[in-house]
Each structure stands twice: as C-alpha cells, then as structure tokens.
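Provided below for reference: sequence and predicted model.
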Amino acid sequence: MRKVAVVAAASRQEEKMLDTEVEMMIPLITKVRESVGLQQTDIDFTCSGSSDFLAGQAFSFVMTLDAVGPNPPIVESHVEMDGAWALYEAWVKLQMGKSETALVYSYGKPSPGSIRDVLATQLDPYYVAPLWPDAHSVAALQARLLLEGGHTTIEQLADYAVRAGRVSDHEEYFSQPFIADPLRDADCPSYADGGVAVILATEGVAEKLSDNPAWITGIDHRIDAHHFGVRDLTMAPSVRLAAKNAGVSDAAVDVAELHAAYTTHEVIIRREMGLSVRPNAKQRSYPLAADTLMASGLLRIAEASRAIWEGGAQRAVAHATAGHLLQQNLVCVLEGGQP
Amino acid sequence: MSEIIIPEILQGKEPVQSVRTPIRMEYTFTPGVAAQAYLREFGKKKILANVSPVDGAILVPPRGADPRHGVLCEEFVELPHQGHVGSFCITNVPIPGRKDLDLPYISAWIFLDGADIGFLNLVSECPPEDCRIGMRVEAVWKPDDEIGMTAENILYWRPNGEPDIPFDQAGVRGWRYRASENSDA
C-alpha cells in the first residue's frame, strides 16, 4: 500500500447560501491549493462528490468544474455520493501508482428544495419512494426500534442533542413537540449549505507540502441492504465491518468525528465502532447541528485531519454515511507522525 | 438459489413492462451573486458582463467565475445591445411553448461588441439563407412594460444593416485575431 496523507482542507457551512455552487467552491478550492503551494496543473487527479437531486439539475457537477479551472484539461472524476467516497476514489487512484497528488471536494445546497422530500427519492422506486416517506419519518422507524428494544433511552438521545448543541438542556429537549414521534426536532439534523475541499498527497510528496501530514492508515467503506425491510434497523453491520477493516480499535483513538445526523444514529455508530456510549470531549458529531448533504462525510475527514495538524490528536477516526438509515458507511483512520 | 415460482394466478400473464410513479419536487433557486446583479440590470434593459481578473476577458452572461482559471470575477462592465453572429444553426425542430416561431428558425451564437464569449439566442427578421458568420445584429427587446428579470427580455436578434465583420475576426476566431494584433503591437 502507498501511504497517502491529507495535507490541506478548507470548508464553509451556512444555513442558507446565496452563492452558486461555483461561487461557493472557488474560494475553498483556491485556498487548499494555495495553502500547499500547488496549482491545478500540479494536481494529478481531481474528484468530487455532489448530488443532482439537491441542485435540481442534471449533470450539475459538470458546471461546478468551473470552480476548478480545468484548463488545460484535467484528469477528473465524480461520485454521486458524499465527498468521503470521492476521497476514497482518489485514494484508490493514488494506490495505482501513477498519481501523487489529488484534489477532492464536495458540496451540497439543500436549501433550494425540501430536503425531507428530496431524500425520499433515494428509496426503492417501486415499493417505497412512491409513498413519499419523508426522511425524518423513516428515521423515526429506526428510533422506535432502538427505544422499544432497549438499545437506548429518550434521556440518552436528549444527552446527544444537548451535546451537539441542538438544545441547551433536557428541559428544552423535552419541551419540544414530536415532529416524527419518537423524534423531536433536536433529534434531527439541522441542514446547512456548504462545501469542503481537501488535498491528498502520497509519501515523499506529502512531507514537502505539510509539516504534519495526516496519514491515512486505514480506510474502508461498506454497504448494508437497500431495502430496510430486510435489515435489523437497530444495527449497522456496515459500520462495524468498515471500522474493523480500517483498524479503528487497533490503537487508542484521540479524536472521533462521527457523521451522525440523528441522535439515534449516534447510538448505532458508537456501538458498531466500539466507542463508549458516553462520548468524551474528543468525540464529535457535528452533523446534528449542521448537516451538509454530500459534504458532511468529507468534512469529518477534514476535521479529523485538522485535529492532527493542530496537534490535538495523534490518531483520529472519521466516519461518513450516505443513503438512508446508515445504509452506506465509510471509516477512515488518520495518524500523525512518520508515514 | 431456489427457482422462483410464480403464483398460479400470475402464470401466463403479460409481464409488467413499465410502471409509472410520478414524482414532483419543488425548488426555490437563488441565481447566485453574479447572476443576481445581471438579472437586476437586465430588468432595466442593461446587459452586464464579468471581467476576468486574469486577462481582462469579457464574459457574458456573467457567472461570477472565469471557468478557464477557476477564479472569481467580481468586476462588471456594461455591454452594448449589438454584436455579430459568431456561428449559427438553421433549426427545423420547434421549441416547446414557442408556437410563435416559424420553422425553420436560426439559433445563433451572438457575440456582443466588446465581449470575448458568445451566448445562444434567436436570430429573426432574416431569411435563413441570408444568415452568415460575421453578420451584424441588434437586440429586439420586449415592450418596456413586459421587461422583467428574465432571460426572455430579448425576443430575438435581427440584422442591423451594418457591414459584416471579417470572418477571421468573428466569434472565437476573434481571440486569435486579437492575440496576433497584440503581439504585432
């Protein structure tokens, strides 16, 4: 395996952005490139993640390439997934040995559409999607199973909501009406427009671009069945397997960045990854407070890398999820120091 | 894997070839920083373009970016309502919702005077056989009381009777022409 590191990141999240995707991404892409002194012509591979369903426009990612400046022509790819999977593709590309640097970016602007409804379009098109179950209601099916099965308690969900900053205390949590019983507003993600860009580099190059590269020592992504009728919704075996393959529990974890968009998801992710039920200060799940679809996962990798760059962590874990009810999961372990 | 056994009641039935599950999603778009400026001024019959911070190229309509270089364009410049045909196509397929268009019609790449890129628009009041690269055209706007913040403000472009610009200076060929002019100077 070639050693690959995250050497730069730039991100932005706002509740509702007036910029186009291009106007939003140019400063971020420019910033990551400049922070490591690379121009687009120095970058061997560019990969992005986004969704046409958020943009409401076919091939929207092609337009966002305007933000990259693909002139002279570049080697480029796109995934209709969270940017964490674009990073995975770039990592694989770097493994192939022909490339040494990669630009990975992703973005999402949920604000133009009704995201709860847009998300219904990712469900099975014959049996489920035509019923238009909104995202929070689908999440509530899972929450009910977790609560009734004794996997969690309302108090624990309230704890997670307080910790994520969605409410100030239990009293405020319990004062909220149910929006999809048993879920309250504070259990559900607060959506934000935004984007993130990172630079990857291989061993030998990364050390020149950064004083303290965040080396990817393990990365894996796994997928559970699409039909949630065939899944035990209180579990996410794909999280468990990805975490095992990425080597999460091979050594102590200083920082864990979890892509938990619902309080109930945090319950499952923690259990499947082998993290304590009671999170410590270095285990963060920001997407509850600001979930930017297609970017939240890559943002977790960027934040985990930042913890290493800034010296707050020697070993950090980032988790990304996509699809409904934690269907697809990616786990990435990053370490500071020598490759 | 065991064989799938179709219930007796379904045996011999015609297979389902397609299903219809209509979906509808509504989006409220914001056009972005540059397009907002453009549309506001277009609603006053003014045409704004972006100026590239890299080489001063005039880009119309403005998208807030020079896509060749991946840089933001924050400077605007107003362009005249006349230009030339950089390229064109005689179309024999109707546009849905434009029953007012007689076939065939001319889709043209219009280069406004001073602009470095063109945009697609309609050319009318010109027999298709007379349309040519380099032909000078001017905008025909909707009546003032129908003007709004919409791309539909300009109904079409028509020949303005001025002499053609030379073929090798028309459309994107103008880049090479101007580049050679500048290098001579």
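Thanks, I have it.

Residue A:140: which element?
Element membership for residue A:140, per DSSP states H and E: helix A:135-148.

Show me what counts as buried in the helix or strand just after that helix.
Under the assignment DSSP H and E, the closest C-terminal helix or strand after helix A:135-148 is helix A:154-163. Buried residues in helix A:154-163, counted by 16 or more other Cβ atoms under 10 Å in any protein chain shown: A:154, A:156-163. Backbone N, C-alpha and C define where each C-beta goes, glycine included.

The chain: strands as residue ranges?
Just so you know, I chose chain A. A:4-14, A:45-49, A:76-79, A:101-108, A:178-180, A:183-184, A:193-202, A:214-223, A:255-257, A:283-284, A:315-322, A:328-335 (DSSP state E).

Switch to chain B, please.
In chain B, the segments counted as strands under DSSP E are B:47-51, B:58-59, B:65-66, B:71-72, B:75-79, B:82-91, B:105-112, B:119-123, B:136-141, B:154-159.

and the fifth one, what does it pack onto?
The criterion is 3 or more Cβ pairs under 8 Å, 6 or more residues apart in numbering or on different chains; DSSP states H and E, and the helices and strands that strand B:75-79 contacts are strand B:47-51.

If you compare the directions of the strand it packs on and strand B:119-123, what angle comes out?
Relative orientation of strand B:47-51 versus strand B:119-123 (axes from the mean of the first three to the mean of the last three Cα atoms, to 10 degrees): 150 degrees.

Please tell me how far residue A:26 sits from residue A:51.
20 Å (Cβ to Cβ, to the nearest Å).

Please read the previous query as pertaining to residue B:38.
Following Cβ to Cβ, the distance that separates residue B:38 from residue A:51 is 26 Å.

tally of neighbours for the closest residue to residue B:95 other than its chain neighbours?
Leaving aside its sequence neighbours, residue B:95 sits nearest to residue B:101 (Cβ to Cβ, 6 or more residues apart in numbering or on different chains; 6.1 Å). Residue crowding around residue B:101 was assessed by other Cβ atoms under 10 Å in any protein chain shown; the count is 14.

quick revisit: next, format the strands of chain A as CSV and append distance to residue B:135 and mean pLDDT.
Listed next are the strands of chain A as CSV, based on distance: least, Cβ to Cβ, whole Å; pLDDT from 0 to 100:
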stretch, distance to residue B:135, mean pLDDT
strand A:4-14, 46, 97
strand A:45-49, 40, 98
strand A:76-79, 37, 96
strand A:101-108, 41, 98
strand A:178-180, 61, 96
strand A:183-184, 63, 97
strand A:193-202, 43, 97
strand A:214-223, 56, 98
strand A:255-257, 60, 95
strand A:283-284, 62, 80
strand A:315-322, 52, 96
strand A:328-335, 55, 98
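
Pipe these into a markdown table and attach mean neighbour count and distance to residue A:266 per row.
Listed next are the strands of chain A as a markdown table, based on neighbours: other Cβ atoms under 10 Å in any protein chain shown; distance: least, Cβ to Cβ, whole Å:
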| stretch | mean neighbour count | distance to residue A:266 |
| --- | --- | --- |
| strand A:4-14 | 23 | 19 |
| strand A:45-49 | 26 | 23 |
| strand A:76-79 | 18 | 25 |
| strand A:101-108 | 28 | 21 |
| strand A:178-180 | 16 | 17 |
| strand A:183-184 | 23 | 13 |
| strand A:193-202 | 27 | 21 |
| strand A:214-223 | 21 | 19 |
| strand A:255-257 | 26 | 11 |
| strand A:283-284 | 20 | 9 |
| strand A:315-322 | 28 | 10 |
| strand A:328-335 | 27 | 13 |
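
As JSON lines, those with distance to chain B would be great.
Conversion of the strands of chain A to JSON lines gives the following (distance: least, Cβ to the nearest Cβ, whole Å):
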{"stretch": "strand A:4-14", "distance to chain B": "12"}
{"stretch": "strand A:45-49", "distance to chain B": "11"}
{"stretch": "strand A:76-79", "distance to chain B": "12"}
{"stretch": "strand A:101-108", "distance to chain B": "10"}
{"stretch": "strand A:178-180", "distance to chain B": "20"}
{"stretch": "strand A:183-184", "distance to chain B": "23"}
{"stretch": "strand A:193-202", "distance to chain B": "10"}
{"stretch": "strand A:214-223", "distance to chain B": "21"}
{"stretch": "strand A:255-257", "distance to chain B": "28"}
{"stretch": "strand A:283-284", "distance to chain B": "30"}
{"stretch": "strand A:315-322", "distance to chain B": "19"}
{"stretch": "strand A:328-335", "distance to chain B": "22"}
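
Tabulate those (TSV), appending distance to residue B:64.
Shown next, in TSV, are the strands of chain A (distance: least, Cβ to Cβ, whole Å):
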stretch	distance to residue B:64
strand A:4-14	16
strand A:45-49	19
strand A:76-79	21
strand A:101-108	15
strand A:178-180	37
strand A:183-184	39
strand A:193-202	15
strand A:214-223	32
strand A:255-257	32
strand A:283-284	33
strand A:315-322	29
strand A:328-335	32
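
Can you get me a residue count around residue 111?
Assuming you mean chain A. So residue A:111, with other Cβ under 10 Å, has 19 neighbours.

if you could check chain B rather than the one you did, that'd help
25.

Most proximal residue of chain A with respect to chain B?
Among the residues of chain A, residue A:69 lies nearest to chain B; the distance is 2.6 Å by Cβ to the nearest Cβ.

The residue nearest to that residue when sequence neighbours are not counted and residue A:279, how far apart?
Closest residue to residue A:69 apart from its sequence neighbours, by Cβ to Cβ, 6+ apart: residue B:70 at 2.6 Å. The spacing between residue B:70 and residue A:279, counted by Cβ to Cβ, is 39 Å.

Contact partners for the nearest residue to residue B:46 once chain neighbours are set aside?
Nearest in space to residue B:46, with sequence neighbours left out and distances taken as Cβ to Cβ, 6+ apart, is residue B:78 at 5.6 Å. Contact analysis of residue B:78 by Cβ atoms under 8 Å, 6 or more residues apart in numbering or on different chains lists B:41, B:46-49.

neighbours around the residue lying closest to residue A:274 once chain neighbours are set aside, how many?
By the measure of Cβ to Cβ, 6+ apart, the closest residue to residue A:274 outside its immediate chain neighbours is residue A:249, 5.1 Å from it. Counted with other Cβ under 10 Å, residues neighbouring residue A:249 total 14.

ok, residue B:82 touching residue B:140?
No - counting by Cβ atoms under 8 Å, residue B:82 stays clear of residue B:140, with 11.2 Å between them.

returning to what we had before: quick one: residues contacting the residue nearest to residue A:69.
Neighbouring residues of residue B:70 by Cβ under 8 Å, 6+ apart: A:26, A:29-30, A:40, A:66-70.
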